[in-house]
Each structure stands twice: as C-alpha cells, then as structure tokens.
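Engineer: whatever this is, show me its structure:
(2 chains, ligands or ions: 3)
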Amino acid sequence: MSLDSQDPRAAGSDEPTVELEFELNGSVEKQAVPTSTTVLDLLRNGFGKRGVRSSCERSVCGACTVLVDDLPVAACSTFAFDIDGTRVETVEGLAAHDGTLSAQQRAFRECGGFQCGFCTSGMLMLTTGLLRANPQPDREEIREWISSNTCRCTGYEMILESVERAAELAREREPDEESS
Amino acid sequence: MRAQKLGAGLIAQNQSALPPFILYRPTSLAEAAALTQEHPEAVIAAGCSDLVAQFREGCEPGVLISLQHVDELRAISQERGVLRIGSLVTHHGGSTSPEILSSLPALAAAWGSIATVRIRYRGTLGGNLLARRFRYELPIIFSALDGHMHFQAGEDLATLPVSSLWDSDAGISGILTSVSVETGTLLWYGYERSMRPVSTVSLAVRKHAVAGLAITAVCGSEYRRPFVLSHAAEASTIAELDADFVGTALAAQLPDEAGDYAGTIAYRRHLVSVLTRRLLARATGNQKK
Ligand SMILES: Cc1cc2nc3c(=O)[nH]c(=O)nc-3n(C[C@H](O)[C@H](O)[C@H](O)COP(=O)(O)OP(=O)(O)OC[C@H]3O[C@@H](n4cnc5c(N)ncnc54)[C@H](O)[C@@H]3O)c2cc1C
Ligand code: FES
Ligand code: FES
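Structural biologist: Ligands and ions are numbered 1, 2, ... in the order given. As a prediction, this is how the structure comes out:
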C-alpha cells in the first residue's frame, strides 16, 4: 500500500506534499507540491506560465485551458497530483523556439479571433486539442468545442472562422514539416 | 473567511489556495477498498471536476483517496443481457464505448449530450452520480433505465438502485465500482434535455414481467431532486401506446414539491407531459411535423 503524501502529524512537517514528475512544453519537470495544489497555481506561480489565465475557477469559462496528454483540461479544477506522469502543454509552448507562430496563433491573428485577448490562450489550447482530435472538424464540431470557452468580446463568429483557418493552415504546413 | 484544517492559514472560499490533505493513490480496487476501511472518513476522488468545486464550497478532507490509477474501474462489459459500466468511465468514454453503442446506443446518445468538452474528458459516471447534485443528469438517465450501483466498502459489497441516490437513508458508503443496466427486457430508451434546466425527462419502456409494458419516466430539474414516475400499460407493443394518455398519466404523478424557482408545479407537469409525449412519439416513429 502506498502512502503518497507526508502526514504532517506523523512527520512533523508543515503540510502534506506530493512528488510530481511531468513534461511541461517539452521539458521534464520534477517538483514537490502541497497535495491540494491546483494545476493553475502550479503553472502560474511555480512555472510563471501566465498564459494560463485565472477567471471563474469553476471549470466554466475555459480561460485556464491547458492540454494534458493532448486533451483540454481546466487547470483551475484539476489537482496537480493528477498531472503526475503526463504531458502538459500551455500557450507558451505553441510558438517555435525562433518565435515563429503556430498555425493556430497565425489564424487567430489573421481572422481577428480576439479583442481584449483574455480568453485567447484558452481558445488557442482548445483549438490545438480539437485539431489533434480531428484535423478537419466541421463547423458543428468547432461550435461544440468552442462553446465550452467563454469570450466576452468577439461574439464568437471570428473565433469560429479562426479555428477553421487554423485547420487549413495546419494542413498546408504538414507537407513542409514532413520534408524538413 | 475560514481557517484551513491543516494549518495553511485563513482563506476566503473563492480564493485559489485549498486546504491540503493526505493523499493516497491506490493502483488496485483491493488496495483502494482496504484504504477506505482504514480511513472511513476519507473522501474518494475520481476526475475531481466536482470535488474542486466542493473544496471551494468548504469541503476540507483530511484524507483523499484518488481512484485515477485503479484501471479496473474503467471496464465496460455486456454479458447475459446486463450492461456493466465501471464507475471511472468518463462521459467521453461512455458515449463512445463500442459495448454501449452496440448494446444500448440510446444511452450513448444521451450520455454524449451532457456537459462541455473539458468535463466530458474528465468527469466520470461515479462522480456524476455521487456528487448527488440535483442538476447532474446521469442519475436521471440511469434511474429511468433502472440502473443499479455496486459498492465496495472494505470487504463488504452492496447494491443499490440509482433511484435511491436521493433517499437520505439509502446507506451509500464505500467505493462505487460499477453501474449495471438490465438490457434484455428494455424495448426503448430516450432522453429529452431541450428544456434543461427547467425540466428534463428520461424515459424507458420495458416488457412488463407479467404482461403489457412498463413505462418509467424520470423528471429532473435544476433545483429539485429527480422524481421517478411509472405507468403500466396493457399494450403489447410501443406502437399501441396512447402517447397523450401516458404523458398525462405520468405528469399527474409529479408531486407538488417538484415545483421550483424556475417553474410552478403546474408548468412542470405540463412540460413533463409534453416531453413524455414527444419521446413516445419518437419511440413509435409517429412523430408529428
Ligand atoms: C462547466 C461544467 C459543466 C457541466 N455540465 C454538466 C452537464 O451538462 N450535465 C451533467 O450531468 N453534469 C455536468 N457537469 C458535472 C460533471 O458531469 C461532474 O462534475 C462530473 O461527472 C463529476 O465526475 P468526477 O469524476 O470529476 O467526480 P469527482 O469530482 O471526482 O467526485 C464527485 C463526487 O463523487 C464522489 N465519487 C466520485 N467517484 C466515486 C466512486 N467511484 N465511489 C465513491 N464516491 C465517488 C466524490 O467523493 C465526490 O463527492 C458539469 C460540470 C462542470 C464543471
Ligand atoms: S478559470 Fe478555469 S475554467 Fe474558468
Ligand atoms: S477577446 Fe476578450 S474575452 Fe475573448
């Protein structure tokens, strides 16, 4: 039987912690955190990933969306212990090392899929997850996915267009990637 | 403001800091069951999509047992007319499972209609049922299907109908391992959530044990517990059912306490009869334009 966390009453330490090992935007990270740490707090405070926005903290708005093993997850409502052994991606990992924007980022910029930009990192991660699950989603599927994230500014039409354009750009880019 | 149990200071309930707990991550059901015996006060965690909200509402467990590594709770099987679904099956998993799609496609369709994409990948059957929130839909869906919950507490096993979730003396304890649905006598199933959150209706038609048809409708809403309504019809096929009569008979059983902030009892009875008729029309293929 595995006792994963330290019992503070037994060990005399301040609070129980859990050891985590996970991949963050391609690099392996190891950290001990209090058992109740959320992924949101870990990424923002522990790793400075401020693109993981904090808003409703109830899984509702999608501002904090990150990908865990390719699937969109609300960082605000996921305990850090649940990302142990997984692959986590945030918006900071989308652009290439030389600063070249990803297909999703270029599409949102080209189609004006944002105004104030607060929701944009969550929208970009959701789009990334969608295009991995289905590189050619139809409008209905895009609407179904995007409806899980809240945008207070755009009225969604331009976000829908951005996702469609991102799918196009990603497909256009594939042959280049294969030859490089 | 409130003080945290394990000494992390004072926090407001909507602040991100949550009270720490002692964490166990068992890798088998036997290990998890032994832990619940050792720590009867422990909180069980599946996808945690509801639990984090519970924490923010003031829940402060001293011990938390996460089931995420107990893979046997993800099994789905169909044997001898019984569909058995592991409690850790997610909404996405349940609505796309080949076993469910082949044995009870209407359940997969109903399950596929709930929640948002993030929750669909994370939220589980067990968590949806045992959060025991009126607005959650799997208790409504599985109650109409006469689903049964199977629990393990230490060495003890217990089986309870899903419809008993709302009985205060139901004796729910331990780990929910699976939910079973008998599919042999089931003739038709459908779910109407177009009027959510005011009223949803989940409806199943079965062959009656003796003769005729047994119709079960479960009515859900945002603010009131789900209510199970039933009707025995002499008809031998669904096509022979009088949808207007059955809809009215079922709606009349809705007790006065089912009226809530979103709709009076008269309005909710009206909705239940309309949604039930709509479902029965779908069942018989006599849908009016
Ligand atoms: C934005 C949002 C939208 C949603 N939309 C919908 C919707 O449209 N329809 C709907 O029905 N639901 C909806 N939900 C609710 C969602 O389906 C539930 O939060 C989810 O199913 C809970 O599953 P979980 O595995 O995350 O549970 P957890 O949070 O892990 O657990 C919930 C409760 O169940 C207990 N528990 C969990 N598993 C077990 C087990 N095996 N044995 C014993 N106890 C257990 C826990 O102790 C806890 O009390 C929504 C939630 C959110 C945040
Ligand atoms: S902050 Fe996480 S979903 Fe809103
Ligand atoms: S661009 Fe402002 S919230 Fe979406």
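
Engineer: residue boundaries of the strands in the stretch 101-250 of chain B?
Structural biologist: Along the stretch 101-250 of chain B, counting by DSSP state E, counting those that start in this stretch, strands occupy B:148-153, B:156-161, B:175-182, B:186-192, B:200-207, B:213-220, B:227-233.

Engineer: what is the burial count for whatever residue of chain B ends up closest to ligand 1?
Structural biologist: For chain B and ligand 1, the shortest gap (CB to the nearest ligand atom) falls at B:Gly127, measuring 1.9 Å. From N, CA and C alone the C-beta is placed, and that goes for glycine too. Using other CB atoms under 10 Å in any protein chain shown, B:Gly127 has 26 neighbouring residues.

Engineer: repeat for the one 4 residues further on
Structural biologist: The tally of other residues near B:Ala131 (other CB under 10 Å) stands at 19.

Engineer: what sits against it?
Structural biologist: By CB atoms under 8 Å, 6 or more residues apart in numbering or on different chains, the contact list for B:Ala131 reads B:50, B:54.

Engineer: model confidence at it, what's the number?
Structural biologist: pLDDT for B:Ala131: 97.

Engineer: how far away is the residue nearest to B:Ile114 when sequence neighbours are not counted from ligand 2?
Structural biologist: Distance criterion CB to CB, 6 or more residues apart in numbering or on different chains; nearest residue to B:Ile114, sequence neighbours excluded, is B:Glu137 at 5.0 Å. Going from B:Glu137 to ligand 2 by CB to the nearest ligand atom, to the nearest Å gives 20 Å.

Engineer: so where is the stretch 151-289 of chain B shaky, pLDDT-wise?
Structural biologist: B:286-289 (pLDDT under 70).

Engineer: before we move on, back to that, quick check: closest non-adjacent residue to the residue of chain B closest to ligand 1.
Structural biologist: Nearest to B:Gly127 is B:Ala46, by CB to CB, 6+ apart, at 4.3 Å.

Engineer: chain neighbours aside, what residue packs nearest to whichever residue of the stretch 101-250 of chain B sits closest to chain A?
Structural biologist: Nearest residue of the stretch 101-250 of chain B to chain A: B:Thr116, at 3.4 Å (CB to the nearest CB). Closest residue to B:Thr116 in three dimensions, ignoring its sequence neighbours and counting by CB to CB, 6+ apart: A:Ser148, at 3.4 Å.

Engineer: which helix or which strand is home to that neighbour?
Structural biologist: Using DSSP states H and E, A:Ser148 falls within no helix or strand.

Engineer: show me where the stretch 51-200 of chain B has helices.
Structural biologist: For the stretch 51-200 of chain B, the helices defined by DSSP state H, counting those that start in this stretch occupy B:51-56, B:91-96, B:98-103, B:105-111, B:117-122, B:125-130, B:138-144.

Engineer: redo those as a markdown table? Include distance to ligand 3.
Structural biologist: Listed next are the helices of the stretch 51-200 of chain B as a markdown table, based on distance: least, CB to the nearest ligand atom, whole Å:
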| stretch | distance to ligand 3 |
| --- | --- |
| helix B:51-56 | 23 |
| helix B:91-96 | 26 |
| helix B:98-103 | 36 |
| helix B:105-111 | 30 |
| helix B:117-122 | 17 |
| helix B:125-130 | 29 |
| helix B:138-144 | 31 |
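
Engineer: out of the ones you listed, which is the most enclosed?
Structural biologist: helix B:138-144 (a mean of 28; mean count of other CB atoms under 10 Å in any protein chain shown).

Engineer: and it, what does it pack onto?
Structural biologist: helix B:105-111, helix B:125-130, strand B:186-192, strand B:200-207, strand B:213-220 (3 or more CB pairs under 8 Å, 6 or more residues apart in numbering or on different chains; DSSP states H and E).

Engineer: quick one on the thing from earlier: contact partners for the residue of chain B closest to ligand 1?
Structural biologist: Contact analysis of B:Gly127 by CB under 8 Å, 6+ apart lists B:46-51.

Engineer: looking at those residues, which are in helices?
Structural biologist: Cross-referencing the contacts of B:Gly127 against helices under DSSP state H gives B:Leu51.

Engineer: of the contacts of B:Gly127, just the buried ones, PyMOL syntax please.
Structural biologist: Paste this into PyMOL to select the buried members of the contacts of B:Gly127, with burial taken from 16 or more other CB atoms under 10 Å in any protein chain shown:
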select buried, chain B and resi 46+47+48+49+50+51
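
Engineer: let me have the contacts of B:Gly127 in a markdown table, extended by distance to B:Phe245 and pLDDT.
Structural biologist: Output for the contacts of B:Gly127, formatted as a markdown table (distance: CB to CB, whole Å; pLDDT from 0 to 100):
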| residue | distance to B:Phe245 | pLDDT |
| --- | --- | --- |
| B:Ala46 | 42 | 98 |
| B:Gly47 | 42 | 97 |
| B:Cys48 | 46 | 96 |
| B:Ser49 | 41 | 96 |
| B:Asp50 | 39 | 96 |
| B:Leu51 | 44 | 95 |
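
Engineer: and chain A, which residues reach ligand 1?
Structural biologist: Neighbours of ligand 1 within chain A, by CB under 6 Å from any ligand atom: A:59-60.

Engineer: any regions of chain A where pLDDT drops low?
Structural biologist: A:1-14, A:174-180.

Engineer: centre-most residue in it?
Structural biologist: Taking CA atoms, centre = their mean, the centroid of chain A lies closest to A:Val66, which sits 1.6 Å from it.

Engineer: could you tell me which residues make contact with A:Val52?
Structural biologist: A:Val52 makes contacts with A:39-40, A:43-44, A:64, A:66, A:75, A:90-91, A:121, as judged by CB under 8 Å, 6+ apart.

Engineer: now it, what's its secondary structure?
Structural biologist: For A:Val52, the reduced secondary structure class is coil; criterion used: DSSP: H, G, I helix; E, B strand; the rest coil.

Engineer: how about it: what's its closest non-neighbour residue?
Structural biologist: In space, and not counting its chain neighbours, A:Val52 is closest to A:Leu43: 4.7 Å by CB to CB, 6+ apart.
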